[in-house]
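Trainee: After the sequence you'll find the predicted model.
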Amino acid sequence: MDADSTLSPKKEDYVPKYESKLIYNQDTDLKILAIGDVHFKISNIHESKPMSANIISIAKEMKPDLIIALGDLLDKHSIIHVDPLTMAISFLGQLKEIAPLYVIIGNHDLVNNSAFMTNQHGFNALKLWSNTKVVDSVYKETFKNKYELIFMPYVYPGRYLEGISHLSPENPDEPGIRRCHVAFGHQEFYGCKMGAIVSTQGDKWPHNYPLIISGHIHDYQRPQCNIVYTGTPMQHAHGDQNNKTISEFVLTPDMPVRTMCVDTDEDNTPLKHDDFANNLPMELGWNENRIDLGLMKRVICYINPSEINTWVPPQNKIVKLVIRGTTSQIKGIAGLDRLKELKDLNIRIVFKTIEDDNQHDLSDNTTKSGPQLPYLQSLELAASQDQGLQKLFTKIFGGTTEPKRAADKMIGG
């Protein structure tokens, strides 16, 4: 099968219509399509096809001045599988026919996270393509004789300004100064959120420095006024937030070119640099339009073993089913034909014993199915399987909890 044909949407697939909310003057403004981490990999090929097709469809309608892939096109560092690579090349090949394409190399495209501005990645052949720039070292370009953009590949946290310093200074009298309107990259910045973790080792970026538009972080966020993480176009895991988008940016002549100092203090904090442009409001001269691709969302459903034959999967969702019960209950359903039927529907099934599941935290996009035991009742239920543990439970918590009968009824006890 032709690789390009795998990215063509089927008739029944939903392709969202592009509707811009932004004012755009073709003569004076700069329109940019920014695409976050797509992570083509063996395990998500089925979901990646509609994602890719919808991005291409939207890009054709949008007609941007340039398209930027913000890194992590692949997933396994130095291990490159043929199918994901083929999909990535086909995807990028179609994008470059729509507008000039800039491919930022992310950490998952590199051999490891410690690589620094190297050509050791799987996209070197794209350097021979027309209308394409592979960004594996810092690069600067001016668009429409006005807009100065910097492109940076992933570098290890703390080395971002070191990478920027590899650009030649515009003014020999200011060797430590660089200027741009926007910098695009794939970087961890101080204060960004990675799930429950807030970065403390990411690069610090003064609030009056140029706007950063970055990949690397999978959930959309603006950790400060001049940093935008576009997030991923689709959920890569069931725990991901479900508000996934790509972003259209429009820059206008009002946007000031800002100055940054590539020198840092002993704490690796950039030195302050104040001039007239740097003190202008950060929101001046640019706007963003987030575009939902209309892809199926991932959800997690929880049931107990007694519900397996009556549970109805949610429609038009990518489902992970967690079956929670005692070891004996789980063994009792292990051979049911119903499990095979659900797996044939591409439902991922995970078994969890109650003892291992007491501290499970449901995310915002989790779908609950069936009654759920409170933590203390679950703990008591687990302790009741062993006389010694039951005595210890009674000593600590003062005896049996009142809703014990309801708990027994829920699990069929």
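Mentor: Okay, I see it. Residues are numbered from 1 along each chain as shown.
Trainee: domain assignment for the chain?
Mentor: 3-291, 297-410 (automatic domain parsing).
Trainee: Point out the most buried one among the ones you listed.
Mentor: Highest mean neighbour count of those: domain 3-291, a mean of 18 (counted as mean count of other Cβ atoms under 10 Å). C-beta: built from backbone N, CA, C; applies to glycine.
Trainee: Mean confidence (pLDDT) on that one, please.
Mentor: Confidence for domain 3-291, expressed as mean pLDDT, is 93.
Trainee: I'd like the numbering to begin with 18 instead of 1 from here.
Mentor: Sure thing, new numbering starts at 18, so read that last one as domain 20-308.
Trainee: so residue 349, which of the three states?
Mentor: helix (DSSP: H, G, I helix; E, B strand; the rest coil).
Trainee: Residues contacting stretch 96-112, please?
Mentor: By Cβ atoms under 8 Å, 6 or more residues apart in numbering, the surrounding residues in contact with stretch 96-112 are 20-21, 23-24, 55, 57-59, 62, 65-66, 69, 72-73, 76, 84, 86, 90-92, 118, 120, 139, 143, 146, 149.
Trainee: Sitting in helices, which of these do you find?
Mentor: 62, 65, 66, 69, 72, 73, 76 (DSSP state H).
Trainee: Helix, strand, or coil at residue 250?
Mentor: Classified using three-state DSSP, residue 250 is coil.
Trainee: just checking, it touches residue 257?
Mentor: No. The pair residue 250 / residue 257 is not scored as a contact, 11.3 Å apart, by Cβ atoms under 8 Å.
Trainee: how about the helices of this protein, start to end?
Mentor: 62-79, 99-113, 177-181, 344-350, 354-361, 392-400, 404-414, 421-427.
Trainee: Name whatever forms a beta bridge with residue 228.
Mentor: Note on residue 228: beta-bridge partners residue 199, judged by DSSP bridges.
Trainee: How about the contacts made by it?
Mentor: Counting by Cβ under 8 Å, 6+ apart, the residues that residue 228 touches are 198, 199, 200, 243, 244, 245, 275, 299, 303.
Trainee: ok so, going back, of the helices of the chain, which is nearest residue 312?
Mentor: helix 62-79 (5.9 Å; Cβ to Cβ).
Trainee: and that closest one with helix 99-113, angle?
Mentor: 10 degrees (axes from the mean of the first three to the mean of the last three Cα atoms, to 10 degrees).
Trainee: list the helices and strands helix 62-79 packs on?
Mentor: Other elements packing on helix 62-79 under the criterion 3 or more Cβ pairs under 8 Å, 6 or more residues apart in numbering; DSSP states H and E are strand 47-52, helix 99-113, strand 263-268.
Trainee: ok, the closest residue to residue 200 other than its chain neighbours to residue 230 distance?
Mentor: Using Cβ to Cβ, 6 or more residues apart in numbering and skipping residues adjacent in sequence, the residue nearest residue 200 is residue 167, 4.2 Å away. Per Cβ to Cβ, to the nearest Å, residue 167 is found 11 Å from residue 230.
Trainee: Overlap in contacts, these two.
Mentor: With Cβ under 8 Å, 6+ apart, residue 167 and residue 230 have common neighbours 199, 200, 201.
Trainee: Was I right to think residue 240 contacts residue 208?
Mentor: Yes. Applying Cβ under 8 Å, one finds residue 240 in contact with residue 208, separated by 4.3 Å.
Trainee: Going along the chain, name the strands of the stretch 18-167 of the chain.
Mentor: Here the stretch 18-167 of the chain has its strands, by DSSP state E, counting those that start in this stretch, at 47-52, 83-86, 118-121, 149-152, 156-160, 164-168.
Trainee: So what touches the longest strand anywhere in the chain?
Mentor: Secondary structure of the chain per DSSP state E: the longest strand is strand 334-342. Applying Cβ under 8 Å, 6+ apart, the contact partners of strand 334-342 are 64, 252, 255, 313-322, 325, 328, 330, 347, 350, 359, 362-371, 374, 384, 428.
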